[in-house]
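Engineer: Sequence and predicted structure below; questions after.
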There are 2 protein chains.
Amino acid sequence: MPLPHAFTVEPHDHQDCIDTAIDVATQICAERSMRFTKIRQRVLTLIWSGHQPIGAYAILEALKSEYPRAAPPTVYRALDFLIEIGLIHRIESMNAFVGCTHPDERHTGQFLICESCGAAAELDDPSINDAVQRSAGELGFLAQRQMIEVTGLCPDCRPNG
Amino acid sequence: MPLPHAFTVEPHDHQDCIDTAIDVATQICAERSMRFTKIRQRVLTLIWSGHQPIGAYAILEALKSEYPRAAPPTVYRALDFLIEIGLIHRIESMNAFVGCTHPDERHTGQFLICESCGAAAELDDPSINDAVQRSAGELGFLAQRQMIEVTGLCPDCRPNG
DNA sequence: ATTAAATATGTTGCGCCGCAACAAAATTAT
DNA sequence: ATAATTTTGTTGCGGCGCAACATATTTAAT
């Protein structure tokens, strides 16, 4: 079952999102002989608690209920790990983190972020990617990583539905 | 004279960049009856001291030689002012600021950032903008502001010239 | 099993980023 | 001159992010 993005028209059982994310993570880590530890699981679950990007210190606060000894490095290490294997993304304009809804595909980091409800939907639009690649290429620039963050209003929050 | 972007093929007299940026700023402020104070001038000049985005506290350090009483708010106020009138941009992925090379046009904030030399070139590519708008529209998202930051290697820094 | 190597987590501490809140000064308008 | 507006000075704080070192845990080698 694929992960829905934040702006799916039909409401979804969000627990499925979390479960799927954990399943995918478990599988990826197994394939690569990496350790999907309890802490990493918990951090990923917390990030997937909603479709809104969440800050590291908010994660830390939630984590402390189960791991009273957790400190900032506890969280940042888990975040680094999850980013490294492509399970979460960092939203640069928010200093926050969100679950990746395209964990298998090659992702470039395209996001629509609702200023009203805070939800972030990940895109994977080749036409955007192509336009960026072409424009960069025209200047002789070798593009390696794209950060595209578009703020605005999601379907549920915009005035006319 | 237009402001060159960071990756112009021919080297340029960078003092011209600074002078032009100040001239443009002076004119815009005059038109809008806003005060282009010494501090704001100085901050804009410091930002334009190179094509590399510069952090607020680096600006502060440089500013202190002339304004020993300068403090973080001194800089952030000037930055807010300059951003407000579109003379500089904030690079979200770097927590840094760079001069706007399209101060007259409606700008969306598209940047190519060289990971080697740190220079940032501003784009204003309608095809990127269009692709983003269309993609957002397909999901019913009302796009208001775009943040596009592409990291990679500039022509001078990439392996094969 | 024991030991060694690798990996993950605990702990302390710090530097950078950004701004709120209030006070003082400077500019502009009346 | 006086008042209103705008800018700058000053103090202080909270969030973000990680370096550096210590400890614990897991995995690999003997």
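Structural biologist: Cool, got the structure. Numbering: from 1, shown residues only, chains lettered A, B, ... in the order given.

Engineer: Flag every residue of chain A that's near chain B.
Structural biologist: Applying C-beta under 8 Å from any C-beta of the partner chain, we find that chain A lies next to chain B at A:5, A:7, A:92-93, A:110, A:112, A:114-115, A:121, A:123, A:125, A:127-128, A:130-132, A:134-136, A:139-155, A:158. For the C-beta atoms, the positions are set from N, CA and C on the backbone; glycine is no exception.

Engineer: Using CSV, list the CA coordinates for the helix ranked longest in chain A.
Structural biologist: Longest helix in chain A, counting residues (DSSP state H): helix A:14-31. C-alpha atoms of helix A:14-31 as CSV (Å, rounded to 0.1, in the frame of the first residue of the first chain):
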residue,chain,number,x,y,z
HIS,A,14,-3.6,7.6,9.3
GLN,A,15,-2.4,4.7,11.3
ASP,A,16,-1.9,3.0,8.0
CYS,A,17,0.5,5.7,7.1
ILE,A,18,2.5,5.1,10.2
ASP,A,19,2.4,1.3,9.8
THR,A,20,3.4,1.5,6.2
ALA,A,21,6.3,3.8,7.0
ILE,A,22,7.6,1.5,9.6
ASP,A,23,7.2,-1.5,7.4
VAL,A,24,9.1,0.2,4.6
ALA,A,25,11.8,1.3,7.0
THR,A,26,12.1,-2.2,8.4
GLN,A,27,12.5,-3.6,5.0
ILE,A,28,15.0,-1.1,3.8
CYS,A,29,17.2,-1.4,6.9
ALA,A,30,17.1,-5.2,6.6
GLU,A,31,18.2,-5.0,2.9
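
Engineer: Buried ones in that helix, by neighbour count?
Structural biologist: For helix A:14-31, burial by neighbour count (16 or more other C-beta atoms under 10 Å in any protein chain shown) applies to A:17-18, A:20-22, A:24-25, A:28-29.

Engineer: Which is the succeeding secondary structure element to it?
Structural biologist: helix A:38-47 (DSSP states H and E).

Engineer: Could you name the helices and strands sitting against that following helix?
Structural biologist: Helix A:38-47 sits against helix A:14-31, helix A:56-64, helix A:72-84, strand A:96-99, with contacts defined as 3 or more C-beta pairs under 8 Å, 6 or more residues apart in numbering or on different chains; DSSP states H and E.
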